[in-house]
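> Prediction below, plus the sequence it came from.
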Amino acid sequence: MIDSMSTADVANAEHFERLEAAADARTAAQIRDEFAAWLRTFFTLDPTRISDLVLAINEALANCAEFAYVGAPRAGTMDLQAWFEPAESTIVVVIADRGCWRNPESPRALSRGRGIPLMEALADRSSIEASEAGTQVRLEWTNVGRAEAR
């Protein structure tokens, strides 16, 4: 069984990470909130842009929690790694699991299946790589400024 996750240390301006976190809705919400705090603390982003980043990573985390381990014999984990590339003024976020998402070509309920297009629309660049080892979502946002040192 995967233990409850402790609160992240958001005191690092260079990177934010949560590794081997339980792939469940409660943990996804906690990571989302901690990631939002990291953005507000270290970057000069307007509220709309922060909402875009947070919503996009929330969709990726939700997909891990909901789809990656369907039918698996035990609970799985997910990772979120984010970093700032100062030379490019870019934030890069990678969300990964070791499971298998639903085939995007499979039939969808009319109220489902909007997460991936939403991530693609909210990020400046995005990619999803699925393999037998798991799924990795990479999202990037450009023209990000650093906050003044506090």
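Yes, it's here. Numbering: from 1, shown residues only.

> so how far is residue 141 from the residue most central in space within the chain?
Centroid-nearest residue in the chain, with CA atoms, centre = their mean: residue 57, separated by 3.3 Å. Per CB to CB, to the nearest Å, residue 57 is found 10 Å from residue 141. Bear in mind the C-beta positions are built from the backbone N, C-alpha and C, glycine included.

> ditto for residue 100
From residue 100 across to residue 141, the span is 27 Å (CB to CB).

> coming back round to it: in terms of secondary structure, what does the helix or strand hosting the residue nearest to the centre of the chain contact?
For residue 57, the enclosing helix or strand under DSSP states H and E is helix 47-67. Here helix 47-67 touches helix 25-42, strand 77-85, strand 90-97, helix 115-122, strand 134-141, going by 3 or more CB pairs under 8 Å, 6 or more residues apart in numbering; DSSP states H and E.

> residues of the second one that come out buried?
Just to be clear, that refers to strand 77-85. Buried residues in strand 77-85, counting neighbours by 16 or more other CB atoms under 10 Å, are found at 77-80, 82, 84.

> which one of those residues sits closest to residue 45?
Among those, residue 84 lies closest to residue 45 (CB to CB), at 11.5 Å.

> hey, what's the closest one bridged with?
residue 91 (DSSP bridges).

> check contacts around residue 87.
Applying CB atoms under 8 Å, 6 or more residues apart in numbering to residue 87 gives no contacts.

> any idea how far it lies from residue 60?
Taking CB to CB as the measure, residue 87 falls 25 Å from residue 60.

> On the three-state scheme, residue 126 is what?
Here residue 126 takes the strand state, with states given by DSSP: H, G, I helix; E, B strand; the rest coil.

> shouldn't it be in contact with residue 137?
Yes: look at residue 126 against residue 137 with CB atoms under 8 Å: they come within range, at 7.3 Å.

> if you count what's nearby, which of these two comes out ahead?
With neighbours defined as other CB atoms under 10 Å, residue 126 and residue 137 compare such that residue 137 has more, 27 against 17.
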